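Peer 1: Pasting the sequence and the predicted model now:
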Amino acid sequence: MKAVLDIENVQKSYLLGKIEVPVLNDINLTINEGEFAAIMGPSGSGKSTLMNIIGCLDRPTSGKIVIADMDISKLSEIELARIRGKKIGFVFQTFNLIPRLTAQKNVEMPMVYQDIPGKMRARRAKTLLELLGLGERSGHKPAELSGGQRQRVAIARALANEPEIILADEPTGNLDSKTGQEIMQIFDKLHSEGRTILMVTHDRELAGNCDRIIRLKDGKIEKGENENGE
């Protein structure tokens, strides 16, 4: 099975004044193509830091990170931004949509940065929104959409550039339980289509839908579990 993400001996520390504070300690992790994995752990365990490093939003202090056969550990900021835009799709708890843009234009935005022609952008955004049941809402701005609809727009945006991996950070955290279940059904469908998904969640029930649970504690991976938690 092909690895989409390979993390080797990753350490991350931050300087607090003159004190070096370790956040991640010797992280080793492989995510395979088509896998749906959950990262769980208490607050302060390093989940967000790990996701930021995988998402090319932060750099490790040491160690190696390979995404789709490319070592991103030593890339320049410009190169990291290109990889981030092309290889990774983000879904955030707070949606992170641009308020002044319609759903259609929000979905098109990642393609703008990849220099995809306008007609192609519009066609792909329209197709994605229709697939997610939002074809009739494509001209609405985020404030005119429900929380569940906004998260569907965010998922469509994450898929815009056909990423190697989707990073979902508490994707149901701001939604009621019924809407959260509907969003998880979308992730399950994406997984069944062969998408690779890495999701941070506090919800054990949601994590139970995944192929594997990765538990973080005090900046270290405790253990990986299969879907049955064994």
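Peer 2: Here it is on my side, so go on.

Peer 1: going forward, measure contacts and count neighbours with C-alpha atoms only.
Peer 2: OK.

Peer 1: and N174, that's in a strand?
Peer 2: No. Counting by DSSP: H, G, I helix; E, B strand; the rest coil, N174 is located in no strand; its state is coil.

Peer 1: Pull up the gap between it and A38, please.
Peer 2: Counting by Cα to Cα, to the nearest Å, the gap from N174 to A38 is 18 Å.

Peer 1: what separates stretch 141-161 from the chain centre, distance-wise?
Peer 2: The gap between where stretch 141-161 is centred and where its chain is centred comes out at 14 Å by Cα atoms, centre = their mean, to the nearest Å.

Peer 1: re earlier: more crowded one of N174 and A38?
Peer 2: The neighbour comparison of N174 against A38 (other Cα atoms under 10 Å) goes to A38, with 28 against 16.

Peer 1: Name the residues that touch the helix or strand containing the more buried one?
Peer 2: Using DSSP states H and E, A38 maps to strand 36-40. For strand 36-40, contacts defined as Cα atoms under 8 Å, 6 or more residues apart in numbering pick out 31, 47, 191, 195-202, 207, 210-216.

Peer 1: just the angle between whichever helix or strand comes after it and strand 36-40, please?
Peer 2: Once strand 36-40 ends, the next helix or strand along the chain (criterion: DSSP H and E) is helix 47-54. Counting by axes from the mean of the first three to the mean of the last three Cα atoms, to 10 degrees, helix 47-54 points 140 degrees away from the direction of strand 36-40.

Peer 1: What lies in contact with helix 47-54?
Peer 2: The contact list for helix 47-54, computed with Cα under 8 Å, 6+ apart, reads 23-24, 39-41, 58-60, 65, 167, 169, 200, 216.

Peer 1: In helices, which of the residues you listed appear?
Peer 2: Per DSSP state H, helices hold no members of these.

Peer 1: Can I get the residues you listed in CSV including neighbour count?
Peer 2: Formatted as CSV, those follow (neighbours: other Cα atoms under 10 Å):
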residue, neighbour count
V23, 18
L24, 25
I39, 24
M40, 22
G41, 20
D58, 16
R59, 23
P60, 21
I65, 25
L167, 22
D169, 23
V200, 24
L216, 23
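
Peer 1: Could you export stretch 22-36 as CSV, CA atoms only?
Peer 2: What follows is stretch 22-36 as a C-alpha-only set of coordinates in CSV (Å, rounded to 0.1, in the frame of the first residue of the first chain):
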residue,chain,number,x,y,z
PRO,A,22,8.9,20.7,23.7
VAL,A,23,5.5,20.2,22.0
LEU,A,24,6.0,17.1,19.8
ASN,A,25,8.5,14.4,20.7
ASP,A,26,9.8,11.8,18.3
ILE,A,27,6.7,11.5,16.2
ASN,A,28,6.7,8.6,13.7
LEU,A,29,3.6,8.1,11.6
THR,A,30,2.5,6.7,8.2
ILE,A,31,-0.8,7.4,6.5
ASN,A,32,-1.5,5.2,3.5
GLU,A,33,-3.4,6.1,0.4
GLY,A,34,-7.2,5.8,0.9
GLU,A,35,-6.9,5.6,4.7
PHE,A,36,-9.3,7.4,7.1
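
Peer 1: I appreciate the help and will end here.
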